[in-house]
Structure formats: structure tokens, C-alpha cells
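Engineer: Got a sequence here, can you build the structure:
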Amino acid sequence: MPVAEIRAGDLLKPQALTKRIFHFQPTALNLGIPRKFIGCPYVTRGGEAGRLVNAYIQARWAKAWTPSIGRAQLAEVGSTRPTQLDNFQAAALKQKGRRALPQSINVIARHVDDFVEWWEASLSLDDTDEDVHERLLRAQEDLLEAYGDDMGTGEWSNSGIPVSNTTINHRQINALNFLLWTKFEGLAPEFIVSATERKVRVASFSGAPLTISRPQFAVVRRPDPRRVRLPDGDELRGHIAAILDPAAQVGALLIYGCGLRLSEVINLRNDALVQQGSGNQKYLRVTGKGNKTRLVEIEPFLIKQIPDL
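Structural biologist: Numbers count the residues shown, from 1 in each chain. Here you go, the predicted model:
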């Protein structure tokens with residue numbers, strides 16, 4: 001049954017009032033959690049949907065399934081059994097697909113949880129008592145299209161403002177990978193998605209560029225650079241002035257005035273402000289990606305607006 005036929009009325013995305021994504025700590029070993037999952041995120045969503053989301057997150061964490069395996073399955077349609085790969089195929093695909101970084105798994109967990117929440121909200125608009133397995137059996141690419149449409153119109157948005165195509169692209173890709181994983185597990189044998197091949201250049205182990213083929217999914221939205229509009233300085237300063245939380249306003253000023261990343265602002269120490277040489281120029285000592293430390297110039301007007309520096 002197409003998504004358009006099972007949805008009626010307007011969606012309302014609930015505000016995230018409580019934290020729903022946590023991580024397994026070493027104490028979880030006492031509860032029987034395998035050591036390899038320490039640090040892995042999990043969601044506190046109940047029912048069969050929560051079990052499936054957590055199983056998918058753990059499969060990505062342990063690299064038991066990768067998008068490379070999912071792309072290899074696209075031609076295998078109509079099987080009622082889990083996709084069977086011989087030992088050589090499984091080893092080759094696992095070697096090809098790198099294990100995602102922990103911060104990437106966190107993003108995957110948030111996006112998949114958001115997709116499942118949207119799916120449940122859209123189905124709740126129609127009286128149905130079907131379980132998640134029955135939903136998966138008829139999941140088609142129009143489901144991903146409806147998910148993107150609701151984000152694009154602002155119906156599925158915490159602020160009510162339309163979500164950018166870049167964000168929609170990332171969320172649709174993670175939702176698509178989740179549905180491909182359910183096919184790999186034998187839960188969605190009828191799932192079909194339209195894709196075309198495109199050539200991309202990537203780096204190889206030798207350092208020479210390598211041209212490979214990657215699928216381009218028709219249902220997944222792509223950013224349109226012509227529609228990108230950057231706010232001017234006055235607009236940015238107005239938005240920063242409207243922030244009520246003092247700590248958040250200081251962070252926004254440092255991001256705007258010094259070009260810091262959000263993670264760098266969060267990790268700033270009290271002794272971050274330093275002065276080099278005999279001049280009046282002051283710097284911020286910032287620890288960024290790769291745990292590397294650098295000095296960033298900070299303008300006098302910014303120091304005056306941030307009394308604690």
C-alpha cells in the first residue's frame with residue numbers, strides 16, 4: 001500500500017524533552033553486554049521497533065553490515081530468506097567498507113531513530129494494528145520520498161521550518177541503509193530502490209586517484225547550490241543578540257568571530273586566552289580535530305563582549 005494512502009491529516013513532530021540515545025558503559029558488562037559493544041550507542045525506544053533500531057546500530061558498530069554489503073544486495077530482489085554471501089564475498093565487502101567512526105555511529109543512531117519515529121507518527125494517523133514486521137514487508141522507496149517531503153515542507157521539523165536538502169539527504173541515506181539492512185536480515189524481501197551508476201574519483205592506497213562506480217538513488221534529495229543563501233553580518237549579529245542563554249551566546253560569538261567549531265568552543269579551558277610576544281594581539285589556545293592544539297586570533301571587540309575571557 002503506497003504511503004500516500006495510509007497517511008491522513010497533519011504530522012506533528014514531538015519535542016525532544018528527554019534524552020533517548022545513550023552509550024554502553026563498562027558497567028554494562030555485568031548485564032551481559034559483550035565487550036565489543038562498550039561505547040556503542042543505543043536508543044531507549046520500546047517495542048519491536050526499538051529492538052530493530054538497536055540491532056542495526058550494533059551491526060554498524062561491529063561492522064557486521066556495511067553500506068557496501070547493502071549496495072551489493074540491490075539486484076537480489078524477491079528472496080524470502082536473508083541474503084546469503086559466501087565467505088569470500090563477505091570478507092571482500094567487509095574489507096571494502098570501513099568501520100564507521102564512533103561519532104558517525106552517533107549520527108546514524110539519531111537519524112534512524114528519527115526516521116522510525118516519523119514512520120510511527122505517520123502510520124498513527126491511520127487506524128492500524130500492524131506490527132513493525134508487516135510495515136517492513138511493504139516498505140518501498142515512496143516511503144523515503146514521503147519522509148523527505150515532510151522534512152522539506154517543515155511538517156517533520158522541531159522548529160516548523162523546512163529542513164535543508166543537505167540534511168534531508170543525510171537522513172534519507174541513513175534511513176535507506178536501515179531498510180537495506182532489514183532486507184539483509186530477511187525482514188523486507190520486497191524492498192526495491194531505483195538507482196543509477198555514477199563515476200567518482202577517490203584516493204587509493206597507492207596515493208593515485210581511482211575512478212569507481214557508486215549508486216545514485218533517485219529518491220534521495222541532493223543539495224542545490226543555487227538555492228543556498230548565506231546571511232550577511234547584520235543578520236548573524238541579530239540572531240546572536242537574540243540568544244537568551246548567556247553561555248550559548250558566548251559560544252555563538254566565538255564561532256562567528258573566531259571561526260571555531262562547536263566542539264572546540266565546548267572544550268575551551270579557562271586559561272585559553274594567551275598573549276604571544278610583545279604586541280597587544282591575543283589568541284585563543286584551541287584543541288581541535290585529532291587532539292591538535294593551535295592558536296586562533298581573537299579581536300579586541302570580542303574580548304570586551306565576553307567578560308570571562
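
Engineer: all helices for the protein, in order.
Structural biologist: Assigned by DSSP state H, the helices in the chain fall at 3-6, 47-61, 67-72, 87-96, 102-124, 132-137, 141-152, 165-184, 233-241, 246-258, 262-266, 300-305.

Engineer: so which of those gets nearest Arg201?
Structural biologist: helix 87-96 (16.8 Å; C-beta to C-beta). (Each C-beta comes from the backbone N, C-alpha and C, glycine too.)

Engineer: so where's the stretch 201-309 of the chain shaky on pLDDT?
Structural biologist: For the stretch 201-309 of the chain, applying pLDDT under 70 flags the ranges 203-207, 223-229, 306-309.

Engineer: Count the neighbours of Lys199 for me.
Structural biologist: Using other C-beta atoms under 10 Å, Lys199 is surrounded by 8 other residues.

Engineer: List the beta-bridge partners for the spatially closest residue to it that is not a sequence neighbour.
Structural biologist: Leaving aside its sequence neighbours, Lys199 sits nearest to Thr211 (C-beta to C-beta, 6 or more residues apart in numbering; 5.6 Å). Beta-bridge pairing of Thr211 under DSSP bridges involves Arg201.

Engineer: Just send the helices of the chain back as CSV, with distance to Val193 and mean neighbour count too.
Structural biologist: Compiled in CSV, those are given as follows (distance: least, C-beta to C-beta, whole Å; neighbours: other C-beta atoms under 10 Å):
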stretch, distance to Val193, mean neighbour count
helix 3-6, 14, 14
helix 47-61, 17, 19
helix 67-72, 10, 20
helix 87-96, 18, 13
helix 102-124, 15, 18
helix 132-137, 14, 16
helix 141-152, 5, 20
helix 165-184, 7, 21
helix 233-241, 38, 12
helix 246-258, 38, 17
helix 262-266, 33, 14
helix 300-305, 48, 12
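
Engineer: For Pro34, see how far away the spatially most central residue of the chain is.
Structural biologist: In the chain, the centroid-proximal residue (C-alpha atoms, centre = their mean) is Val107; its distance is 3.4 Å. Counting by C-beta to C-beta, to the nearest Å, the separation of Val107 from Pro34 is 23 Å.

Engineer: correct me, but Gly148 touches Arg221?
Structural biologist: Yes. Between Gly148 and Arg221 there is a contact under C-beta atoms under 8 Å: 5.3 Å.

Engineer: Need the residues touching each of the two.
Structural biologist: Ile168, Gln172 (C-beta atoms under 8 Å, 6 or more residues apart in numbering).

Engineer: thinking again about what came up before, out of the helices of the chain, which is closest to Phe22?
Structural biologist: Using C-beta to C-beta, the helices of the chain put helix 102-124 closest to Phe22, at 9.8 Å.

Engineer: If you count contacts, what does the closest one end up packed against?
Structural biologist: Contact here means 3 or more C-beta pairs under 8 Å, 6 or more residues apart in numbering; DSSP states H and E; on that basis helix 102-124 packs against helix 3-6, strand 21-23, strand 41-43, helix 47-61, helix 141-152, helix 165-184.

Engineer: Can you show me the CA trace of that helix as CSV?
Structural biologist: Extracted in CSV, the C-alpha atoms of helix 102-124 (Å, rounded to 0.1, in the frame of the first residue of the first chain):
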residue,chain,number,x,y,z
PRO,A,102,32.0,6.5,16.9
GLN,A,103,30.8,10.0,16.2
SER,A,104,29.4,8.8,12.8
ILE,A,105,27.6,5.9,14.6
ASN,A,106,26.0,8.5,16.9
VAL,A,107,24.7,10.4,13.9
ILE,A,108,23.4,7.2,12.3
ALA,A,109,21.6,6.4,15.6
ARG,A,110,19.9,9.8,15.7
HIS,A,111,18.8,9.7,12.1
VAL,A,112,17.5,6.1,12.2
ASP,A,113,15.6,6.8,15.4
ASP,A,114,14.1,10.0,13.8
PHE,A,115,13.1,8.0,10.7
VAL,A,116,11.3,5.3,12.8
GLU,A,117,9.6,8.0,14.9
TRP,A,118,8.4,9.7,11.7
TRP,A,119,7.2,6.4,10.4
GLU,A,120,5.2,5.6,13.5
ALA,A,121,3.8,9.1,13.6
SER,A,122,2.6,8.9,10.0
LEU,A,123,1.1,5.5,10.5
SER,A,124,-0.7,6.5,13.7
